[in-house]
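Novice: What would the 3D arrangement of this be:
(chains A, B, C and D)
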Protein chains: 2
Amino acid sequence: MPRPTKQSPERGDARTRLLEAARDLIRAKGFAGCSVDDLCQAAGVTKGAFFHQFASKEGLGVAAAEYWAETTSAFFAAAPYQANKDPLHRVLAYIDFRKEIIAGDLAEFTCLVGTMTQEVYATSPTIRDACAASIFGHAKTVEADIAAAMEARGMERDWTAASLARHLQTVIQGAFVLAKAANDPDIARESIDHLKRYVVFLFSNTAPVEEQHTSAERGQ
Amino acid sequence: MPRPTKQSPERGDARTRLLEAARDLIRAKGFAGCSVDDLCQAAGVTKGAFFHQFASKEGLGVAAAEYWAETTSAFFAAAPYQANKDPLHRVLAYIDFRKEIIAGDLAEFTCLVGTMTQEVYATSPTIRDACAASIFGHAKTVEADIAAAMEARGMERDWTAASLARHLQTVIQGAFVLAKAANDPDIARESIDHLKRYVVFLFSNTAPVEEQHTSAERGQ
DNA sequence: GAATTAATACCGACCGTATTGTACTTATCA
DNA sequence: TGATAAGTACAATACGGTCGGTATTAATTC
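Specialist: Next comes the predicted model:
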């Protein structure tokens, strides 16, 4: 139940503003790297509001991961590549889409939960679990398409739809790491190209995969 | 020039002990997540020694990344998979080896510089550059084998040896992220399997790749 | 439908501790 | 003896978190 604030009643409640500030700040400076004061200042909120909304800084971390899971799953659910009818085309268009949205500053397109996991996996199990739910929950949605594509082609392989779905996330997460190291988004796109070539290969032995799938335009 | 210490004269000098403590602690808790006191305690060294050896905590971060680059390059240079005569077999055996050494606790086999990069790429360019030098320096060594394998087979492709070498590192780094999220090393091994399948595929169109390469045993 | 009560959302000064880094002293070796 | 290495005490501040208080709204009462 959002409630306006004196200072900026139009921007929504303090909780949402803090979650958005956390999303942006943590991606740039890491979880331990930004203080509660930093977050409050970025959100235009006082410390009192922070600890009214969240029991602790760790509590905010969990909420930020959950908020990330919600917003990104809505984002991908509404993305144009979903319009592809064929499951395999949808998977390939998903990969294209992941490449397309790598644009702008690193902190704008990299993954909040991937960054947080690396940092707190050993020190904060609750944050780690929330991050894992986001990553593997997203993988599950792609897994459904992969499984459908496999079944449609009657494939029998020594790999599973689940493992391939996770592999897609592996490459995407790793691409972010190398892009950060090189300070260059092209490094990330490069690996997505290799990933797509691999998926095309996996399905090319059963039936030819045409380049008909679309990611940016509605496929009707 | 190692110098013994009162408390533990057998363990070498304070600088090395601090670098080893940093390697282990930062992999578990992140760079910002462990304090100078933590590092000193883990190394069995006082704070005076710390700031005698390093100008700042950031200075230790840079040194730790450089130390990581040195020790890992020596580790891979001495690894048994290098004995493979054929460059392609050496690449495939490298991938096998990367899978083999995923064992024990997460903090023992994950990558220090990958973890640090994610955290400080925006806040500490000096640490980021040191991490990048480690990652891409290592990739260069694999790139040499990939390039040799391509040349031996007279391949003409729409990908380069450099990009494939970086892709290997992408998958490895991403595998660590997902393994941390799931708290399960198997998740990492799974993606390495996909990676190997991909590399085998890339080279299978020119000449058959037998499973003769070895990673654990000396090949000669 | 005005007055009162209760509950929520928020503010901001303050607290105790943890943090990085400094200054000075002590030990060790060439 | 002079230089390097390491130990000790402490200074300055940054940090997460607390606490009493205020503002706004919804529910309740008369």
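Novice: which SS state does A:Ala103 fall under?
Specialist: For A:Ala103, the assignment made with DSSP: H, G, I helix; E, B strand; the rest coil gives coil.
Novice: Quick one: residues contacting it.
Specialist: Applying C-beta atoms under 8 Å, 6 or more residues apart in numbering or on different chains, we find A:Ala103 in contact with A:Phe109, A:Pro185. To be clear about C-beta, it is placed using only N, CA and C from the backbone, and glycine gets the same treatment.
Novice: Looking at it now. What's its pLDDT?
Specialist: pLDDT recorded at A:Ala103 is 96.
Novice: mind checking how far it is from B:Ala83?
Specialist: According to C-beta to C-beta, to the nearest Å, A:Ala103 stands 44 Å off from B:Ala83.
Novice: go on, A:Lys140?
Specialist: Separation of A:Lys140 from B:Ala83 (C-beta to C-beta) stands at 42 Å.
Novice: got it, and A:His138?
Specialist: Remark: distance between A:His138 and B:Ala83 (C-beta to C-beta) = 41 Å.
Novice: Of the two, give the one with the bigger neighbour count.
Specialist: Taking other C-beta atoms under 10 Å in any protein chain shown, A:His138 and B:Ala83 do not tie; A:His138 has more neighbours (21 against 16).
Novice: Which of the helices or strands spans the more buried one?
Specialist: Using DSSP states H and E, A:His138 falls within helix A:125-152.
Novice: Show me what counts as buried in that helix.
Specialist: A:127-132, A:134-136, A:138-139, A:142-143, A:145-150 (16 or more other C-beta atoms under 10 Å in any protein chain shown).
Novice: Please work out which residues outside stretch A:31-41 touch it.
Specialist: Residues from elsewhere that reach stretch A:31-41, judged by C-beta under 8 Å, 6+ apart: A:18, A:21-22, A:25-26, A:28-29, A:46-47, A:49-50, A:57, A:60-61, A:115-116, A:119-120, A:127, B:30, B:32-33, B:119-120, B:123.
Novice: Out of the residues you listed, which end up buried?
Specialist: Judged by 16+ other C-beta under 10 Å, buried ones among the contacts of stretch A:31-41: A:18, A:21-22, A:25-26, A:28-29, A:49-50, A:57, A:60-61, A:115-116, A:119-120, A:127, B:30, B:32-33, B:119-120, B:123.
Novice: DNA strand D next: which of those are close?
Specialist: By C-beta under 7 Å from any atom of the strand, the members of the buried ones among the contacts of stretch A:31-41 lying near DNA strand D are A:Lys57.
Novice: quick one, phi psi at the nearest residue to A:Lys180 once chain neighbours are set aside?
Specialist: Of all residues not flanking A:Lys180 in the chain, B:Tyr121 sits nearest, at 4.0 Å (C-beta to C-beta, 6 or more residues apart in numbering or on different chains). B:Tyr121 adopts backbone torsions of phi -60, psi -30, taken as degrees, to the nearest 10.
Novice: B:Tyr121 contacts A:Asp105, correct?
Specialist: No - using C-beta atoms under 8 Å, B:Tyr121 is not in contact with A:Asp105; the gap is 11.2 Å.
Novice: Compare these two (neighbour count), which wins?
Specialist: B:Tyr121 (28 against 11).
Novice: Read off the pLDDT value for the more buried one.
Specialist: 97.
Novice: Check A:Gln173 too.
Specialist: Note on A:Gln173: pLDDT of 98.
Novice: before we move on, what about A:Arg153?
Specialist: 88.
Novice: Taking chain A, what residue is nearest to DNA strand C?
Specialist: A:Gly48 (2.0 Å; C-beta to the nearest atom of the strand).
Novice: what helix or strand is that residue on?
Specialist: Going by DSSP H and E, A:Gly48 is part of helix A:47-53.
Novice: Over to A:Ala32?
Specialist: Using DSSP H and E, A:Ala32 maps to neither a helix nor a strand.
Novice: So what does the closest residue to it other than its chain neighbours look like in phi/psi?
Specialist: Excluding the flanking residues, the one nearest A:Ala32 by C-beta to C-beta, 6+ apart is B:Ala32, at 3.7 Å. Backbone torsions of B:Ala32, given as degrees, to the nearest 10, read phi -70, psi -20.
Novice: and the gap between B:Ala32 and B:Ile26?
Specialist: B:Ala32 is 9 Å from B:Ile26, where distance means C-beta to C-beta.
Novice: now A:Ala181
Specialist: A:Ala181 sits 16 Å away from B:Ile26, taking C-beta to C-beta as the criterion.
Novice: repeat for A:Tyr94
Specialist: For A:Tyr94, the distance to B:Ile26 - C-beta to C-beta - is 34 Å.
Novice: same check, this time on A:Asp145
Specialist: Counting by C-beta to C-beta - A:Asp145 and B:Ile26 are separated by 38 Å.
Novice: Break chain A into its domains for me.
Specialist: Annotated domains of chain A cover A:11-57, A:61-204 [automatic domain parsing].
Novice: Over stretch A:179-194, what's the mean pLDDT, rounded is fine.
Specialist: Stretch A:179-194 shows a mean pLDDT of 98.
Novice: send the alpha carbons of that stretch over as PDB?
Specialist: Extracted in PDB, the C-alpha atoms of stretch A:179-194 (Å, rounded to 0.1, in the frame of the first residue of the first chain):
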ATOM      1  CA  ALA A 179      32.800  -7.700 -19.400                       C
ATOM      2  CA  LYS A 180      33.400  -6.000 -16.000                       C
ATOM      3  CA  ALA A 181      37.000  -7.200 -16.000                       C
ATOM      4  CA  ALA A 182      37.600  -5.800 -19.500                       C
ATOM      5  CA  ASN A 183      35.300  -2.900 -18.900                       C
ATOM      6  CA  ASP A 184      33.900  -3.700 -22.300                       C
ATOM      7  CA  PRO A 185      30.300  -4.900 -23.100                       C
ATOM      8  CA  ASP A 186      31.500  -6.500 -26.400                       C
ATOM      9  CA  ILE A 187      33.300  -9.200 -24.500                       C
ATOM     10  CA  ALA A 188      29.900 -10.300 -23.200                       C
ATOM     11  CA  ARG A 189      28.200 -10.200 -26.600                       C
ATOM     12  CA  GLU A 190      31.000 -12.300 -28.000                       C
ATOM     13  CA  SER A 191      30.300 -15.200 -25.600                       C
ATOM     14  CA  ILE A 192      26.600 -15.000 -26.300                       C
ATOM     15  CA  ASP A 193      27.400 -15.600 -30.000                       C
ATOM     16  CA  HIS A 194      29.300 -18.800 -29.000                       C
END
